[in-house]
Structure formats: C-alpha cells, structure tokens
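**Student:** Coordinates for the following, if possible.
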Amino acid sequence: MAKTWRVACVLFLICAAPAGAAEDEPLFWPTIRHSRIQGWAGGVAFQPRSRIFDRTVLTATAGRGGFLAGVGFGSFGDNIMAGTALHVTCLRTTGRPRRGDPHQTYVGVEGEIMVANIGLRGGPLVRIGKSSAPSSRLLVGFSIGYGF
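**Tutor:** Model (predicted):
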C-alpha cells in the first residue's frame, strides 16, 4: 500500500503544474479517487489539446484493489472546473479488491460528471474470462474523487 501512495504522490506533483498546453491549461490533471473496488487510488487524466483529439480523455488510476485505465470522450476545465465524459474502462484487480474477484480483468462503460473539480464516475463492469471465485460476473463501478 505504501508503494501505491508513493506513486500517487509523485504523479500528483508531476501533474500539478501546467504542462505548456494551449490556453494555459495543463495537459495532465492529477486525480485522487475512492471507489467501491479500488479503495483509495491516485492517478492522472490526460486531455490532448489538438483539433482532432480535443474531446479525448485518457485516464489511469492505481489503488490497493486494482488498476484502472480508460479512454473517454468528453471535456473538462473552464473557470469552474466542470465537465462530462463517457469512458470505456479496463480494470485489473489485485489480490485484495474491495469488490469483485482477485486477479481478474473487468471491462465496461462509465459515465462521469465533474463540478468544482469534484467528480462522480460510475457504470457497469463485466468480468472477462473464467474465475474460480463464486462472485458475480457483473460489478457496478462507482467512485468519487478530486480531479477528473
């Protein structure tokens, strides 16, 4: 767990300053989330500032219960730090997830809304492959966090 927090803190410090993006907005945004599956997790969001990919949002978080990566369509920022996105996510659980089976991969679609840098994210996640554990094949992922 200590290693996860160290990685999250390093990501937060690297991403806290603007990365030279257009309109003085950073390309990378730090995030700290608490989810039903991962527990506390730290990560980063990336939104390219180009004409073709300006609505693309890439996210990644690492927590005690697993690692989550997503590709989304949406936008965030502006004066009140608000935005919305729809993410296709992939979650890989560790040996001790809060929900779901250990060492399994889940994929799904999650919606997200953020106002004043506080974000809510959730949606269904389906386990891929077989598992020896008797738990459900479907999880409902939900998290709240600071940052996208």
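**Student:** only C-alpha atoms for contact and neighbour calcs from this point on.
**Tutor:** Will do.
**Student:** what's the spacing between the closest residue to residue 137 other than its chain neighbours and residue 91?
**Tutor:** Leaving out its chain neighbours, the residue that sits closest to residue 137 by CA to CA, 6 or more residues apart in numbering is residue 127, at 5.2 Å. Computed as CA to CA, to the nearest Å, the residue 127 to residue 91 distance reads 9 Å.
**Student:** Now do the contacts for the spatially closest residue to residue 110 that is not a sequence neighbour.
**Tutor:** Closest residue to residue 110 apart from its sequence neighbours, by CA to CA, 6+ apart: residue 123 at 4.2 Å. Residues counted as contacts of residue 123 (CA atoms under 8 Å, 6 or more residues apart in numbering) are 108, 109, 110, 111, 140, 141, 142.
**Student:** Narrow those to those that are buried.
**Tutor:** Those of the contacts of residue 123 that meet the buried threshold are 108, 109, 110, 111, 141, 142, by 16 or more other CA atoms under 10 Å.
**Student:** Report the beta-bridge partners for the fifth one.
**Tutor:** What that stands for is residue 141. When assigned by DSSP bridges, residue 141 has beta-bridge partners residue 123.
**Student:** Hmm, it is touching residue 38, no?
**Tutor:** No: in terms of CA atoms under 8 Å, residue 141 does not count as a neighbour of residue 38; the distance is 9.5 Å.
**Student:** Please point out which parts of the host helix or strand of the residue nearest to residue 137 sit buried.
**Tutor:** Under the criterion of DSSP states H and E, residue 127 resides in strand 118-128. With burial defined by 16+ other CA under 10 Å, the residues of strand 118-128 counted as buried are 118, 119, 120, 121, 122, 123, 124, 125, 126, 127.
**Student:** where does residue 36 sit relative to residue 64, distance-wise?
**Tutor:** In this structure, residue 36 and residue 64 are 11 Å apart, going by CA to CA.
**Student:** out of these two, which sits in the busier spot?
**Tutor:** A side-by-side neighbour count of residue 36 and residue 64, using other CA atoms under 10 Å, places residue 64 first with 22 against 18.
**Student:** State the phi and psi torsions of that one.
**Tutor:** phi -60, psi -30 (degrees, to the nearest 10).
**Student:** Can you tell me which of the buried ones among the contacts of residue 123 is closest to residue 100?
**Tutor:** Nearest to residue 100, judged by CA to CA, of the buried ones among the contacts of residue 123 is residue 141 at 10.1 Å.
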